[in-house]
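S.K.: Sequence isn't available, so here's the structure alone:
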């Protein structure tokens with residue numbers, strides 16, 4: 001299986017396991033900058049040079065040797081499950097992607113037809129009942145994760161613990177798991193623990209939110225999208241994420257973690 005979703009600087013200063021919808025564009029650009037003194041011109045996910053990525057065959061050997069030998073500081077980043085799945089809905093389901101088309105071709109028409117979801121018209125910008133459509137989207141998410149129907153779960157809404165675990169299964173070990181909600185503090189810890197060819201001034205780094213503007217703006221507070229049934233579904237899908245990464249399941253309005261992540265617990269439970 002190897003190390004899917006793993007990126008590493010060419011200098012091998014640091015290793016990062018990507019978790020979609022968790023500041024991955026910004027982290028990738030910081031890694032790129034720390035080697036080259038400039039940002040990648042475009043979406044870092046499109047970069048084919050300047051950064052080792054597991055998806056590129058030539059990078060697999062260096063990544064495997066580094067991770068299995070724990071030669072470099074390794075980290076990942078997580079996010080509150082409530083806001084992450086909401087972000088996935090507005091970006092991937094309601095939004096027009098950077099190629100000018102809907103995400104995954106016929107996925108959105110299928111959701112409109114099978115689940116009665118609205119997405120804001122052809123351009124994703126028209127008004128619609130966001131709460132009703134999001135709750136129907138959650139049923140679809142549950143179906144993909146529990147029953148793998150009508151498709152396998154997508155990386156953008158599959159559980160974070162699933163992404164994080166693949167790194168551990170094949171011999172990787174995390175030195176840090178940071179929260180998107182406390183990004184500067186967490187990233188400062190990472191940069192403070194490594195030596196980079198180029199100095200990185202975290203306060204001067206822009207946020208590379210590549211999904212910004214793809215879809216409609218969220219019209220309501222986070223908690224308005226989640227009634228009792230929605231919260232039940234969320235817990236069914238993301239129970240392990242809440243527990244391991246210390247987020248507050250009881251209060252969707254509280255996006256901040258409520259405890260410290262125990263790395264030993266994460267490795268023990270996700271390495272099973």
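M.R.: Happy to help now that I have it. It should be emphasised that the depicted structure is a prediction, and the values quoted were computed from it without experimental measurement. Residues are numbered from 1 along each chain as shown.
S.K.: Which parts of this protein are helices?
M.R.: Taking DSSP state H, the helices of the chain run over residues 24-36, 57-68, 81-88, 107-115, 130-147, 160-169, 183-193, 228-245, 263-270.
S.K.: number of nearby residues for residue 176?
M.R.: 17 (other Cβ atoms under 10 Å). Glycine gets a C-beta too; all of them are placed from N, C-alpha and C.
S.K.: need the contact list for the residue nearest the centre of the chain.
M.R.: By Cα atoms, centre = their mean, the chain has its centre lying nearest to residue 20, at 2.3 Å. Taking Cβ atoms under 8 Å, 6 or more residues apart in numbering, we find residue 20 in contact with 155-156, 163.
S.K.: helices or strands up against the longest strand seen in the chain?
M.R.: Longest strand in the chain, counting residues (DSSP state E): strand 73-78. Strand 73-78 sits against strand 14-17, helix 160-169, strand 176-179, helix 183-193, with contacts defined as 3 or more Cβ pairs under 8 Å, 6 or more residues apart in numbering; DSSP states H and E.
S.K.: Go again with 7 Å.
M.R.: The criterion is 3 or more Cβ pairs under 7 Å, 6 or more residues apart in numbering; DSSP states H and E, and the helices and strands that strand 73-78 contacts are strand 14-17, strand 176-179, helix 183-193.
S.K.: Contacts made by the first one with the rest, please.
M.R.: Strand 14-17 is contacted by residues 5-8, 27, 31, 66-67, 72-76, 163-164, 167, 190, 194 when judged by Cβ atoms under 7 Å, 6 or more residues apart in numbering.
S.K.: coming back round to it: check the helices of the chain for me: which has the lowest mean pLDDT.
M.R.: When these are compared on mean pLDDT, helix 107-115 scores lowest, with a mean of 90.
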